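Enquirer: Return a 3D structure for these sequence lines:
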Amino acid sequence: MLSRRSLLVSTSAALASTAFARPAIAAAAPPAPWGERGALLDRLVDEAVQSQRVPGVALVVWEGGRAVYGRWAGTANLETGTAVDAGSVFRVGSISKQVTAVLLLQLAAQGRLALSDAASDHLPFLKRHAPFSLLELLQHTAGVHDGEYDLSGLGASHVEQARRIAQQQPFFDFDPGTAWLYSNANYLLAGAVIEQVAGKPLAALAAETLFAPLQLGHTAFDAPMQIVPGRVSGYTPTGVATAPFDNADYFDVRLAGAAGALRSTADDLCRWLEAVFGEGGLPAEFARRMVEPGRLRNGEPASTRRFSEADRAMGDTQYGLGLMLDRATRDQSLIVQHHGGINGFAAFAARHVPSGLSYACLCNADTYPGLPLRDVRRTIFRDILPIATG
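Expert: This is a model prediction of the structure:
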């Protein structure tokens, strides 16, 4: 069952425990270390692995349209002892949402739909509910409830998933367009619209129209039966020093679909951000639309009415199309970013839009405070973020 707050990250006892030998740290492969800041990042990554807070980490930084730093440390599979390297493929959870947004933007550019369309225009079984637009799905203002549906046994068909979601009670948390609430169900419904309009599975469409043309050779919407060279195993921290990790609970990742089924490498995610926001990749109009903050039907910013009290901690951070929009920088310049969490994995990818400084940090452990994600972000963006924040 999908969880609204963090995409399918399990904190229950995992399937099997495994002994954990303190791993060796692989020397940073090319690209060359990123000066003094690279040395700081080396220490952050290496310490997280050596202190047994995470089995493995992959971190890549791009600047000026190219990779300027890379660090791959720790273990991709604790049972085989396979090391994390530049080809290690991690599940990246909700980072998937920006890919889903681009697929809808592509279909809109082709004239096959409009983001102002009601979702029920393409999925007639939604007509039993109050109408909401594709744009409202992407910016999390549609109000669709997340968590009262069981997708087990449905496989990868987003249309069948959407039929199941349409039957849940309650269907809405609030009237469409009147508040903001992060909901994976929004993106599963968006995935169903994509498949209905394109006439093919979302995974196939993304491979044909995005990943192959952009040369993202390690990136795909994942499926558990696929043989993936470099596939990383996911783990759950136990808090036990002698056996710090268990295998993460099994989950059929296809059920996360358009909301969170993506797999990738750290370098591929940086290439993706470059394709969206750099030159010579995707149409510039896509980036412009993706960084427009969501608005309610009354015209107010979506951030002015967060449905959940917990979300008020987000402050002025906005949500665009599959991206968090953070202007808490020294000059109010824009950082686009997203966390991804799914059983056994945590990821973070971000780009400072004006400078083109991008990075992706991937971990093979459930999201929890022991991961180095926050410290890595603070270090990479230290000249951009306000002092002593991050």
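Enquirer: The stretch 201-350 of the chain: strands as residue ranges?
Expert: For the stretch 201-350 of the chain, strands defined by DSSP state E, counting those that start in this stretch occupy the ranges 220-221, 235-237, 245-247, 262-264, 318-319, 324-326, 335-342, 345-352.
Enquirer: what comes into contact with the fifth one?
Expert: Outside of strand 318-319, the residues within contact range by Cβ atoms under 8 Å, 6 or more residues apart in numbering are 139-140, 180, 182, 293-294, 301-303, 324-325, 327. All C-beta spots, glycine's among them, are computed from the backbone N, C-alpha and C.
Enquirer: Buried subset of these as a PyMOL selection?
Expert: Here is the PyMOL selection string for the buried members of the contacts of strand 318-319, based on 16 or more other Cβ atoms under 10 Å:
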select buried, resi 139+140+180+182+294+302+303+324+325
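Enquirer: Skipping adjacent residues, who's closest to the residue most central in space within the chain in space?
Expert: Closest to where the C-alpha atoms of the chain average out (Cα atoms, centre = their mean) is Ile95, at 1.5 Å. Spatially, and ignoring its direct neighbours in sequence, Ile95 is nearest to Gly340 (4.0 Å; Cβ to Cβ, 6 or more residues apart in numbering).
Enquirer: same deal with Gly177?
Expert: Nearest to Gly177 is Arg297, by Cβ to Cβ, 6+ apart, at 3.5 Å.
Enquirer: all strands for the stretch 51-200 of the chain, in order.
Expert: Assigned strands in the stretch 51-200 of the chain, in chain order: 56-63, 66-77, 82-83, 90-91 (criterion: DSSP E, counting those that start in this stretch).
Enquirer: if you compare those strands, which one is most tucked away?
Expert: Highest mean neighbour count of the strands of the stretch 51-200 of the chain: strand 90-91, a mean of 32 (counted as mean count of other Cβ atoms under 10 Å).
Enquirer: For it, which strands pair with it and how are they oriented?
Expert: Paired neighbours of strand 90-91 in the sheet (DSSP bridges): strand 262-264 (antiparallel).
Enquirer: Please work out which residues outside the strand it pairs with touch it.
Expert: 89-93, 95-96, 99, 216, 218-222, 228, 231, 272, 340, 360, 362.
Enquirer: can you list the weak-confidence ranges in the stretch 51-200 of the chain?
Expert: Of all residues in the stretch 51-200 of the chain, none has pLDDT under 70.
Enquirer: the helices in it, which residues?
Expert: Using DSSP state H, counting those that start in this stretch, the helices assigned to the stretch 51-200 of the chain run over residues 96-109, 134-138, 158-166, 184-198.
Enquirer: so the residue nearest to the centre of the chain makes contact with Leu269?
Expert: Yes: between Ile95 and Leu269 there is a contact under Cβ atoms under 8 Å: 6.8 Å.
Enquirer: what sits in contact with each of the two?
Expert: By the contact definition Cβ under 8 Å, 6+ apart, Ile95 and Leu269 are jointly contacted by 347, 349.
Enquirer: picking that back up, winner for burial among the strands of the stretch 201-350 of the chain?
Expert: Among the strands of the stretch 201-350 of the chain, ranked by average contacts under mean count of other Cβ under 10 Å, first place goes to strand 262-264 (a mean of 29).
Enquirer: I'd like the strands of the stretch 51-200 of the chain as TSV, with distance to Arg43 appended.
Expert: As requested, the strands of the stretch 51-200 of the chain are exported to TSV (distance: least, Cβ to Cβ, whole Å):
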stretch	distance to Arg43
strand 56-63	12
strand 66-77	10
strand 82-83	19
strand 90-91	22
